[in-house]
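Chemist: My questions are about this predicted structure, shown below with the sequence.
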Amino acid sequence: NVTSEVGADGGISGPAARDVLDVTEHMAFAKSFGSNAQVAAGGSVQLDFSITNLSTETVTDINFTDDLNTMLSGATVLTSAQTDICGVGSTLNGQTTKLAFEDGALAPGASCTFSVAVSIPANSVPGDYLNLTSNITSNVGANSLTGNPADAQLRVLEPPLFSKAFTPGSILAGQSSTIGFKIDNQVTYAGPVTDIQLTDNLPAGMVIADEPSANASCTGGTLTAVAGSSLFSYKGGSLAANAECTLSVDVSVANAGDYLNTTEPLTSSSGNSGTASAKLHVDPQPAFGKEFKPASILLGDLSTLVLTIDNALSTVAASNISLRDQLPAGMAIASEPYAKTDCEQGTLSAAPGSMLISYLGGSVAASSACTVQVDVVGLMAGEHLNTTDDLTSSSGSSGKAQAELTVDALGTICFPGPDIYVIPEGIIFSGPGITDISAEGGIMSEGEVIIDPPHSLVLRAPFADFAPLLQVLDGEPGAQLRVIAEPVNCNVGN
């Protein structure tokens, strides 16, 4: 502090007067949050206080308060009340949102420290929060003194971002796809992340591939991915602030469909990052079927063998089709096969009289179907089961296709002329499967024949259809029947 110069009448003057007043702080008061002043929402953190008597006299009646709600609404003290922590008789209340320290006392040069645990609400918004106490008050001798408040900053951490994806996102049944998990700690309020915990229960029908190729770029931790199982997990890893890491594993699916895969929440020292979901589309191999049109023929007649390659349920084209069908004994490719296909490209082979049909190198577009057709002839009576080889393509194996062709033999029922037999007037002949009806003098109407004697009737039909015809005629006066193996003219004496 400096005065002006001194002056007096008569021109008398003198130098200014000066002196220094040294004001010293009588007490040091500080606070800090532990764990690098960082905490996850829903976690807890230690709050440390220290008080030091800087004076040469004993300080008594030390008091301050700390309203945690002014820092972060809902923050509370977890520690029970404490006593004698800074001099005999000193107290610090607990289990509240507002701390109150009372009746502290420190000898000259002495200090004290004490701590409380603070709970942070789970719904806290990530960010930096300043915690400021009240002024600290005390008595030194007969003087009441007030000191500055203590402050400390606490960061409520932002959990790392968590996502997943399938690569590729669409596969064929039986193939594999890689699940990639990304843990991104490049967030605004990031801190070092430890104790990463991830569990992924795969959906029904999806399993860890035979060769899982499991990998993690995070630091440390234990990765579990057992081939054939439906559980993937990663435990105990860590990640630096403003960094990212990935996890991956190969999975396979046997059946077509859409598979939605959602993990359990990813947790870490920075809190709960929530779940991650991704969908894998699995296309089927083309469906493969066959049929004979018609499915039942007479000996020597033709049927069209139709092989269908149905890719309607797939989003990808099937190329490089390979199809082979070795016909069974009892049928062969017709002399005029009329072989054709509406599949794209490829080579169709069906030599007349042979028993091998093949179609190689063709393709069928996504969401469509095509057919291969060849006419075959029945060479032997009976039921003939025809099974192809496996149909293969760029989409994998579609398996075999089979169908049955029934070949019926022919017989003849003869009613000889009137010189030998007399057929009663008005008898009606009809029955299922009749292929040829001829009657001399007879009247044909809607598959029924009425015979007017003395004419004769010839029926050609599969043997299986003779029985009901014979039952119809049995017992009719004057009607006599003869069944022979091959068609003949129904002349007298046959």
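Modeler: Great, that's in hand. Numbers count the residues shown, from 1 in each chain.
Chemist: Show me what counts as buried in stretch 68-75.
Modeler: 68, 71-72, 75 (16 or more other Cβ atoms under 10 Å). C-beta here means a position set from N, CA and C on the backbone, and glycine is covered the same way.
Chemist: quick one: which of those is nearest residue 298?
Modeler: Using Cβ to Cβ, residue 72 comes nearest to residue 298 of the buried residues of stretch 68-75, at 92.7 Å.
Chemist: Spatially nearest residue to the closest one, not counting backbone neighbours?
Modeler: Spatial nearest neighbour of residue 72, excluding adjacent residues (Cβ to Cβ, 6 or more residues apart in numbering): residue 129 at 5.0 Å.
Chemist: What's the local residue count around the residue lying closest to residue 380 once chain neighbours are set aside?
Modeler: In this structure, residue 380 finds its nearest non-sequential neighbour in residue 330, 3.7 Å apart by Cβ to Cβ, 6+ apart. By the measure other Cβ atoms under 10 Å, the count of residues near residue 330 is 19.
Chemist: Quickly name whichever of the buried residues of stretch 68-75 is closest to residue 58.
Modeler: For the buried residues of stretch 68-75, the nearest to residue 58 is residue 68 (30.6 Å; Cβ to Cβ).
Chemist: Please name the residues that touch the closest one.
Modeler: Residues near residue 68 by Cβ atoms under 8 Å, 6 or more residues apart in numbering: 75-77, 97-99, 118, 131.
Chemist: Mind checking which of those are in strands?
Modeler: Mapping the contacts of residue 68 onto strands (DSSP state E) picks out 76-77, 98-99, 118, 131.
Chemist: Top of these by number of neighbours, please.
Modeler: In terms of neighbour count, residue 118 stands highest of those at 26 neighbours, by other Cβ under 10 Å.
Chemist: what pairs with it across the strands?
Modeler: Counting by DSSP bridges, residue 118 is bridged to residue 45, residue 77.
Chemist: one step back: ok, the residue nearest to residue 380 touching residue 377?
Modeler: No - if you go by Cβ atoms under 8 Å, residue 330 and residue 377 don't touch, sitting 10.1 Å apart.
Chemist: Give me the distance between the two termini of stretch 283-302.
Modeler: Taking Cα to Cα, to the nearest Å as the measure, stretch 283-302 stretches 37 Å from start to finish.
Chemist: List the buried residues of it.
Modeler: Neighbour counts using 16+ other Cβ under 10 Å place 283-292, 296-299, 302 of stretch 283-302 among the buried residues.
Chemist: same question, stretch 358-376
Modeler: 358-359, 362-365, 368-376.
Chemist: Tabulate the CA atom coordinates of it in CSV.
Modeler: Provided in CSV are the C-alpha atoms of stretch 358-376 (Å, rounded to 0.1, in the frame of the first residue of the first chain):
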residue,chain,number,x,y,z
SER,A,358,-29.3,-85.4,-69.9
TYR,A,359,-29.3,-81.6,-69.6
LEU,A,360,-26.0,-79.8,-69.0
GLY,A,361,-24.8,-76.3,-68.6
GLY,A,362,-28.2,-74.5,-68.4
SER,A,363,-29.6,-72.0,-66.0
VAL,A,364,-32.8,-70.7,-64.5
ALA,A,365,-33.3,-67.1,-63.4
ALA,A,366,-34.1,-66.0,-59.9
SER,A,367,-37.8,-66.1,-58.9
SER,A,368,-38.7,-68.3,-61.9
ALA,A,369,-38.9,-72.0,-63.1
CYS,A,370,-38.2,-74.0,-66.2
THR,A,371,-38.9,-77.5,-67.5
VAL,A,372,-37.2,-80.2,-69.5
GLN,A,373,-39.6,-82.5,-71.5
VAL,A,374,-39.1,-85.7,-73.4
ASP,A,375,-41.6,-88.2,-74.8
VAL,A,376,-41.0,-91.9,-73.8
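Chemist: what mean pLDDT does that stretch have?
Modeler: In this model, stretch 358-376 has a mean pLDDT of 97.
Chemist: now do the same end-to-end measure for stretch 195-215.
Modeler: End-to-end distance of stretch 195-215: 18 Å, with Cα to Cα as the criterion.
Chemist: Let me know the closest of the buried residues of stretch 68-75 to residue 158.
Modeler: Distance to residue 158, by Cβ to Cβ, is smallest for residue 72 among these, at 14.7 Å.
Chemist: What pLDDT does the model give the closest one?
Modeler: Reported pLDDT for residue 72: 96.
Chemist: can you check the one 4 residues further on too?
Modeler: In this prediction, residue 76 carries a pLDDT score of 94.
Chemist: That one against residue 117, yeah?
Modeler: No - counting by Cβ under 8 Å, residue 76 does not reach residue 117; the two are 9.6 Å apart.
Chemist: ok, back up a step: can you name the two of the ones in strands among the contacts of residue 68 that are farthest apart?
Modeler: 76 and 131 (13.1 Å).
Chemist: sorry, back to before: and the furthest pair within the buried residues of stretch 283-302?
Modeler: 283 and 299, at 44.1 Å, using Cβ to Cβ across the buried residues of stretch 283-302.
Chemist: Excluding residues flanking it in the chain, which one is nearest residue 322?
Modeler: Excluding the flanking residues, the one nearest residue 322 by Cβ to Cβ, 6+ apart is residue 392, at 4.7 Å.
Chemist: and the host helix or strand of the one you found, how far from the chain's centre?
Modeler: Using DSSP states H and E, residue 392 falls within strand 391-393. The chain centroid and the centroid of strand 391-393 are separated by 27 Å under Cα atoms, centre = their mean, to the nearest Å.
Chemist: next one: stretch 402-410
Modeler: 46 Å.
Chemist: just stretch 197-206 next, same as before
Modeler: Between the centre of stretch 197-206 and the centre of its chain there are 9 Å (Cα atoms, centre = their mean).
Chemist: do stretch 31-42 as well
Modeler: With Cα atoms, centre = their mean, you get 38 Å for stretch 31-42.
Chemist: Provide the contact partners of that stretch at residue level.
Modeler: Contacts of stretch 31-42 with the rest of the structure, by Cβ under 8 Å, 6+ apart, involve 45-50, 66, 115, 118, 120-126, 131, 133, 150-157, 159, 191-192, 268-272.
Chemist: ChimeraX command for the buried members of these?
Modeler: In ChimeraX, this line selects whichever of the contacts of stretch 31-42 come out buried by 16+ other Cβ under 10 Å:
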select :45,47,49,50,66,115,118,120,124,126,131,133,150,152,154,155,156,157,159,191,192,268,269,270,271,272
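Chemist: among the contacts of stretch 31-42, which are in helices?
Modeler: The members of these all map outside helices under DSSP state H.
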